[in-house]
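In: Provided below are the primary sequence and the corresponding predicted coordinates.
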Amino acid sequence: GMTLWWLAPLVRVELMLMFIAAHPIADTYNPDDDKIYFFFREVSWEGNDKSIVSRVARVCKNDVGGLRSLTNKWTTFLKTRLVCSIPGPDGVDTHFNELQDVFLLPTRDDKNPKVYAVFTTSSSVFRGSAVCVYSMMDIRAAFNGPYAHKEGPDHRWVEYEGRIPYPRPGTCPSKTYDPRIKTTKDFPDEVVSFIRFHPLMYRSVHPLTGRPVFTRVRVDYTLTQIVVDRVMAEDGQYEVMFLGTDAGSILKVVSITQENWSTEEVVLEELQVFQVLCTTQLHKHKHLQQLYVGSSEGLAQVSLSRCHLYGQACAECCLARDPYCAWDGNTCSRYIPASKRRARRQDIKHGDPFSTSFFLYGVQSNSTFLECIPKSQQARIRWYKQRPGSERLEEVRLDDRVVHTARGLLIRSLHPSDAGAYVCMAQEHSDFTHTLLRLTLQLVTHGQLDGRPKPSEDPAVELRHGAESRQRYKDYLRAMSAPVGTLEEYCDSLWLEKRPSRVRGKGLGVGKWKHIQDMKKSRNRRHHRERKDNVEKQERAVRTAEE
């Protein structure tokens, strides 16, 4: 009822308007200064040009209207533009101008929540969506800044530089500013008249990072809804976005701030909840850790954490970079900060398979094998390739030379064009796609392997160079059989890096430590032998099938 009561004057004030959300937010420690913030989009005229713009507006919570002709009409209504754009060359920005949804993420200060907003573009050039994050301090600064004024023969908006009446238009009646003004009916006529003709602020509100934190362009859906959850992980807090689409799907995205203060957005999961096109509504239940998804088809309940989808292995769990999940020594399970269990591993900041590089060397014209085994029988594996110097992923073309097997990708005769980054992706039940592994394949020519030195008159030197050349060839063959830096080694290094003091604190002597290292080396050698045996088995199977 209250929302409709506040909305009714707004609809009368604005024409051709699409209302999105309303939120009460405190302005000072005096409740009389509290304001209602409205988020909407409207058709705006700039001269003879018509465009759709997104707005944030506000009125005082204690606004009861004015006198005479302004009875039941707001006297503190102000608005300004919300900008969400990608800066382009020559100062030409790509604007996402149509606001779709807003979510306020609380902070320790109730007066300054973070404002997450979803936008789409009405551009005829491309279809796309974006998420921008705003500071309430920046929004207040815009309302405390200069007013806009239409001027000139083309009626363009310019900065108003004339006299501003007292009390400042948009200020709430309270003891904070003037004890003599107890209600909005006490405002002088010039204050009410000024705000009627100057409801727009001149300065727009720009996102915290200066650009969107997440974009989706050239896809067959648009983002429509957003819910954000602040999650405590082992190395700090993370903000996870759940983004609803008009295709009935949900994107789960985590925002990661690195040591150099750059922000990285990682799509953890893409879940198809409904099969038909619909406007997805999201609602988060904090205590039950559930996300409720509503549409014209019905209501669905989705858990915020679905750690079992990341498999049972330590490395897979860590590489998923999901702050909800950690490897507890046996499986990938929900991370609980208050838990006393020590055997938990996470790697949110650096656990990206795209940044954790596993290199594989292959000899030109020889065969090589890229191993990638899904943990689920229902998973469908797809291989993608990223050529050197390109950011685009292309699906690997299969033929008689490049064969997809149950355990990975067999390339029977390496060409120079085969070099590059290979991405192994698993698709589960048509609703969950995630990256299992990324391998960088580097090619070595026979000339590099040969490495023959210039002839020497000393037979001993000649013999030594010959031995070095043969050893180098053996080293390359050994490198072919397994990636440098396996997933198992990655997880071991993560464990040792996080808990060196505890290991030493248990009285682990030098001899004991050396024994563990020798065991690890033995295990890795066994792992490499098994991998090489698998490659040979795959090649024999292919030859048998051909025969």
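Out: All right, it came through fine.

In: contact partners for Ile25?
Out: Shown in contact with Ile25 (Cβ atoms under 8 Å, 6 or more residues apart in numbering): Asp34, Lys35, Ile36, Tyr37, Leu104, Lys111, Pro113, Met136. Every C-beta, even on glycine, is put in place using the N, C-alpha and C of the backbone.

In: list only buried entries from the residues you listed.
Out: In those, burial by neighbour count holds for Asp34, Lys35, Ile36, Tyr37, Leu104, Pro113, Met136, counting by 16 or more other Cβ atoms under 10 Å.

In: of those, closest to Asp400?
Out: Leu104 (57.5 Å; Cβ to Cβ).

In: now do the same contact list for the closest one.
Out: His23, Ile25, Pro113, Lys114, Val115, Tyr116.

In: where's it, which helix or strand?
Out: Using DSSP states H and E, Leu104 falls within strand 98-105.

In: just checking: what are the partner strands of whichever helix or strand comes after that strand?
Out: Going down the chain from strand 98-105, the next helix or strand is strand 114-120, by DSSP H and E. Strands that pair with strand 114-120, judged by DSSP bridges, come out as strand 98-105 (antiparallel), strand 128-135 (antiparallel).

In: which among the ones you listed is found nearest to Leu410?
Out: Of these, the one closest to Leu410 (Cβ to Cβ) turns out to be strand 128-135, at 38.4 Å.

In: hmm, who's touching that closest one?
Out: When contacts are defined by Cβ under 8 Å, 6+ apart, strand 128-135 is touched by residues 82-84, 86, 96, 100, 112, 114-121, 205-209, 211-219, 222-223, 226, 241, 243.

In: A strand includes Asp138, no?
Out: No - Asp138: not assigned to a strand; according to DSSP: H, G, I helix; E, B strand; the rest coil it is helix.

In: quick one, phi psi at the closest residue to it other than its chain neighbours?
Out: Spatial nearest neighbour of Asp138, excluding adjacent residues (Cβ to Cβ, 6 or more residues apart in numbering): Val205 at 5.5 Å. With angles defined as degrees, to the nearest 10, Val205 sits at phi -100, psi 120.

In: Val205 is in contact with Met137, isn't it?
Out: No - assessed by Cβ atoms under 8 Å, Val205 is found out of contact with Met137, at 10.4 Å.

In: neighbour count winner among the two?
Out: The neighbour comparison of Val205 against Met137 (other Cβ atoms under 10 Å) goes to Val205, with 25 against 11.

In: which residues of the stretch 51-200 of the chain fall in helices?
Out: 136-143, 189-197 (DSSP state H, counting those that start in this stretch).

In: how about those in CSV, adding distance to Leu439 and mean pLDDT?
Out: Formatted as CSV, the helices of the stretch 51-200 of the chain follow (distance: least, Cβ to Cβ, whole Å; pLDDT from 0 to 100):
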stretch, distance to Leu439, mean pLDDT
helix 136-143, 44, 97
helix 189-197, 63, 90
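
In: Ala57 - nearest residue in space that isn't next to it in sequence?
Out: Lys79 (3.7 Å).

In: any idea how far Phe143 is from the one you found?
Out: According to Cβ to Cβ, to the nearest Å, Lys79 and Phe143 sit 9 Å apart.

In: picking up where we left off before, wait, the residue nearest to Ala57 sits on Val56?
Out: Yes - using Cβ under 8 Å, Lys79 makes contact with Val56 at a distance of 7.0 Å.

In: what about those two, which has more around it?
Out: Using other Cβ under 10 Å as the criterion, Lys79 and Val56 rank with Val56 on top: 28 against 23.

In: who's in contact with that one?
Out: Tyr37, Phe38, Phe39, Lys79, Thr80, Leu82, Ile139, Val205 are the contacts of Val56 under Cβ under 8 Å, 6+ apart.

In: which of these lies closest to Ser249?
Out: Ser249 lies nearest to Phe39 out of these, by Cβ to Cβ, at 23.8 Å.

In: any idea how many residues pack against the closest one?
Out: 20.

In: correct me, but it touches Val102?
Out: Yes - Phe39 lies in contact with Val102 (Cβ under 8 Å); the separation is 4.5 Å.

In: quick check: neighbours shared by those two?
Out: Shared contacts of Phe39 and Val102 (Cβ under 8 Å, 6+ apart): Ile20, Ala21, His23, Ala117.

In: can you tell me the helix or strand for the residue lying closest to the first one once chain neighbours are set aside?
Out: In this case it means Ile20. Nearest residue to Ile20 in three dimensions, chain neighbours excluded: Phe39, at 4.5 Å (Cβ to Cβ, 6+ apart). Assigned by DSSP H and E, Phe39 belongs to strand 35-46.

In: one step back: save the contacts of Leu104 as TSV, and put in pLDDT and distance to Lys252 too.
Out: Conversion of those to TSV gives the following (pLDDT from 0 to 100; distance: Cβ to Cβ, whole Å):
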residue	pLDDT	distance to Lys252
His23	96	24
Ile25	96	27
Pro113	96	21
Lys114	96	18
Val115	97	20
Tyr116	97	14
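
In: can you list the domains in this protein?
Out: By the assignment in automatic domain parsing, the chain contains the domains 2-214, 220-351, 358-495.

In: in terms of mean pLDDT, which of those domains ranks lowest?
Out: Among those, domain 358-495 carries the lowest mean pLDDT, a mean of 71.

In: can you pull the phi and psi angles for Phe77?
Out: According to degrees, to the nearest 10, Phe77 has phi -70, psi 120.

In: rewinding a little: contacting residues for the residue nearest to Ile20?
Out: Shown in contact with Phe39 (Cβ under 8 Å, 6+ apart): Ile20, Ala21, Ala22, His23, Ser54, Arg55, Val56, Ala57, Leu82, Leu99, Val102, Ala117.

In: quick check, the third one in contact with Tyr37.
Out: So that's Ala22. Yes - with contact defined as Cβ under 8 Å, Ala22 counts as touching Tyr37 (7.0 Å).

In: sorry, back to before: looking at the helices of the stretch 51-200 of the chain, which is closest to Thr435?
Out: With Cβ to Cβ as the measure, helix 136-143 is the member of those nearest Thr435 (35.5 Å).

In: in the closest one, what counts as buried?
Out: Met136, Ile139, Arg140, Ala142, Phe143.

In: dump those residues to JSON lines, plus distance to Tyr166.
Out: Output for the buried residues of helix 136-143, formatted as JSON lines (distance: Cβ to Cβ, whole Å):
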{"residue": "Met136", "distance to Tyr166": "25"}
{"residue": "Ile139", "distance to Tyr166": "23"}
{"residue": "Arg140", "distance to Tyr166": "20"}
{"residue": "Ala142", "distance to Tyr166": "21"}
{"residue": "Phe143", "distance to Tyr166": "17"}
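
In: which residues touch Gly170?
Out: By Cβ under 8 Å, 6+ apart, the contact list for Gly170 reads Arg58, Cys60, Thr76, Leu78, Phe143, Ile195.

In: how about these in TSV, adding distance to Leu288?
Out: Formatted as TSV, those follow (distance: Cβ to Cβ, whole Å):
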residue	distance to Leu288
Arg58	33
Cys60	36
Thr76	39
Leu78	39
Phe143	37
Ile195	44
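
In: tell me the one among those residues nearest to Arg387.
Out: The closest of the contacts of Gly170, once distances to Arg387 are taken by Cβ to Cβ, is Phe143, at 49.9 Å.

In: and the helices in the stretch 201-350 of the chain, which stretches?
Out: Using DSSP H, counting those that start in this stretch, the helices of the stretch 201-350 of the chain run over 314-319.

In: can you map out the strands along it?
Out: 214-217, 223-233, 236-245, 249-257, 263-272, 281-285, 290-295, 298-303, 325-327, 332-334 (DSSP state E, counting those that start in this stretch).

In: hmm, back to that, nearest to Met425, of the helices of the stretch 51-200 of the chain?
Out: Nearest of those (Cβ to Cβ): helix 136-143, 38.7 Å.

In: one step back: what's the farthest-apart pair in the contacts of Leu104?
Out: For these, the maximum inter-member distance is 14.5 Å, found between Ile25 and Tyr116 (Cβ to Cβ).

In: who's Leu282 bridged to?
Out: Leu282 forms beta bridges with Val293, as assigned by DSSP bridges.
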